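Student: Here is the input, now give the coordinates:
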Amino acid sequence: MSRIFDWRKVTLVAVAALLSACGGGGSSSSSSSSDGALPLGLVSVSPLPGATGVALNATITVTANTTLNAAALTSATFSLAAVGGGPVAGTISVNGSTATFTPISTLADTTQYIATITTGAGLASDFSWTFTTVTVPGAPIIGTATGIGSVVRVTFTPPASNGGAAIISNKVTPKPNPPAPNTPPTRPRTTTGAGKQQNIDVSG
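Tutor: Residues are numbered from 1 along each chain as shown. Okay, the predicted model is just below:
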């Protein structure tokens, strides 16, 4: 039985060597008050001040040396904004001495953010700190996708890096057209390699 493929429907995924865009890898652990940078009453913050490579799904936390008043933690006293941009919408929760700001949407990549907690939350002074999110790999550029019998030959230009490490492999997956009536569907094939041209056998 013949199977018809639309060779134009090809997806490429750049496989990063070290870092997942949403999964983390950044310097996002808490900072200790022993460094002298935090105001009186604040024990730790996360992500760290000046952290880079922060995950796009990160939450912002502050921990005080006493139980926090949940009613005092609002968008006016605990906030997040893109540097040079607008505020980030999010929700605030309080668990004992720790307050957490959770953005409603994932953060933008390669962006510096500033978190602020004010005296209205019960601190001795306002405190702001910045961090920068992870860089997401650029998309590959598809050159040609050609069907040669039962083989798909794909050429493309991969992204140079994932923002911190060289791309070491690329995954190519063809998407077949729906099968003709009374013919079984063909499952997509996937191949992974480091070259700029890959052949995928889609027979069977």
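Student: separation between L107 and T132?
Tutor: Distance, L107 to T132, by Cβ to Cβ, to the nearest Å: 10 Å. C-betas here are computed from N, CA, C, even on glycine.
Student: mind listing the strands in this protein by residue range?
Tutor: Per DSSP state E, the chain carries strands over the ranges 10-15, 42-46, 51-54, 60-64, 78-82, 90-95, 98-103, 112-117, 127-133, 141-148, 151-157, 169-174, 191-193, 197-201.
Student: Any idea which of the ones you listed has the lowest pLDDT on average?
Tutor: Comparing mean pLDDT across the strands of the chain, the weakest is strand 10-15, with a mean of 39.
Student: List the buried residues in stretch 59-70.
Tutor: Using 16 or more other Cβ atoms under 10 Å as the test for burial, stretch 59-70 gives 59-64, 68.
Student: thinking again about what came up before, make CSV out of the strands of the chain and add distance to A72.
Tutor: Formatted as CSV, the strands of the chain follow (distance: least, Cβ to Cβ, whole Å):
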stretch, distance to A72
strand 10-15, 45
strand 42-46, 14
strand 51-54, 26
strand 60-64, 11
strand 78-82, 9
strand 90-95, 9
strand 98-103, 9
strand 112-117, 10
strand 127-133, 15
strand 141-148, 51
strand 151-157, 53
strand 169-174, 49
strand 191-193, 52
strand 197-201, 57
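Student: Out of those, which one sits most buried?
Tutor: Across those, averaging neighbours per residue (mean count of other Cβ atoms under 10 Å) puts strand 60-64 on top, at a mean of 22.
Student: Within its sheet, name the partner strands of that one and how each one runs.
Tutor: Applying DSSP bridges, strand 60-64 is found paired with strand 42-46 (antiparallel), strand 98-103 (antiparallel).
Student: can you redo those as a markdown table with distance to I142?
Tutor: Below are the strands paired with strand 60-64 laid out as a markdown table (distance: least, Cβ to Cβ, whole Å):
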| stretch | distance to I142 |
| --- | --- |
| strand 42-46 | 40 |
| strand 98-103 | 33 |
